[in-house]
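> sequence and predicted model, in that order:
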Amino acid sequence: MSETVTQPAGDPSSVASLDHQHRRLRVVRGRGGVDLDAAERAVTDLLIALGRQAESEHLADTPRRVARAYAELLAPREFDLTTFPNEEGYDELVLARDIPVQSLCEHHLLPFQGVAHVGYLPGDRILGLSKLARVVELFARDLQVQERLTKQVAGWLQEHLAPRGVGVVIEAEHLCMSMRGVQARGSRTVTSAMQGLLREDARSRQEFFALAGVSS
Ligand SMILES: Nc1nc2c(ncn2[C@@H]2O[C@H](COP(=O)(O)OP(=O)(O)OP(=O)(O)O)[C@@H](O)[C@H]2O)c(=O)[nH]1
Ligand SMILES: [Zn+2]
């Protein structure tokens, strides 16, 4: 048996189907579609505005490449959110550290990249471990600000896994801050989002930050 679930407001383009028998949630996140032809024309115009014609063989195909690159960067891969019954009653933290994060800053369309530490305190069900990284990608492949990305990952896990708590820390370097502008090379921005016991209980919160290797 399966049913289609539409994601909540703020994420209107996402659709998922729930397989009750296997407790799998098929996660598909559309972006309303990238218009590749229009993007290609826009990149051609941008190159002209920057004073660059298709003067070399390298540049000749650049508009098409850039359009396809953005389409790829804005399209998270589909996955099944597989959960299992917490048969052992495991009630300590589960934490995946150093999950690579790559996203695009919505102010300059430049990359920001770094790592995410994502953890949760299990309730009735535990999650296939790889899914923590997949949820990070689900929201990172978008035009983002780091604060929103961090909160979206935590909120989504809380909603779909119903754990006793969720914690997300992201450490990232923004190329808009290092390659240009202030040129603060090597500076990393740290954001966190905590839900449930990891927000309310000081001991759990401290343990999360200690295991994540981040001072609280
Ligand atoms: N809060 C937040 N700010 C971000 C993020 N990514 C980039 N920014 C900042 O967004 C701001 C945009 O500010 P503006 O003053 O409009 O842009 P700007 O003139 O290019 O700013 P400078 O980078 O200081 O040269 C900059 O301070 C960026 O560093 C993010 O993920 N979160
Ligand atoms: Zn930026």
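Received, thanks. Residues are numbered from 1 along each chain as shown. Ligands and ions are numbered 1, 2, ... in the order given.

> got a list of what Asp91 touches?
Each residue near Asp91 by CB atoms under 8 Å, 6 or more residues apart in numbering is listed here: 121-122, 164. Using the backbone N, CA and C atoms, a C-beta is placed for each residue, glycine as well.

> sorry, wrong one. I was asking about Lys151.
Neighbours of Lys151 in contact, by CB under 8 Å, 6+ apart: 168, 193.

> is it fair to say it lies in a helix?
Yes - membership of Lys151 in a helix is supported by DSSP: H, G, I helix; E, B strand; the rest coil.

> and which of the contacts of Asp91 is nearest to ligand 2?
Comparing these against ligand 2 with CB to the ion places Leu121 closest, at 33.8 Å.

> these two touch, right, that closest one and Leu161?
No - with contact defined as CB atoms under 8 Å, Leu121 does not reach Leu161; the gap is 10.4 Å.

> next structured bit after the helix or strand in which Glu40 is found?
Per DSSP states H and E: Glu40 is located in helix 36-49. Moving toward the C-terminus from helix 36-49, the next helix or strand (DSSP H and E) is helix 57-60.

> by contact count, what packs against that following helix?
Using 3 or more CB pairs under 8 Å, 6 or more residues apart in numbering; DSSP states H and E as the contact test, no helix or strand touches helix 57-60.

> buried ones in that helix?
In terms of neighbour count (16 or more other CB atoms under 10 Å), helix 57-60 has no buried residues at all.

> neighbouring contacts of that helix?
When contacts are defined by CB under 8 Å, 6+ apart, helix 57-60 is touched by residues 47, 52-54.

> low-confidence stretches in the chain?
Residue ranges of the chain with pLDDT under 70: 1-23, 30-32, 216.

> kind regards, and thank you for your time.
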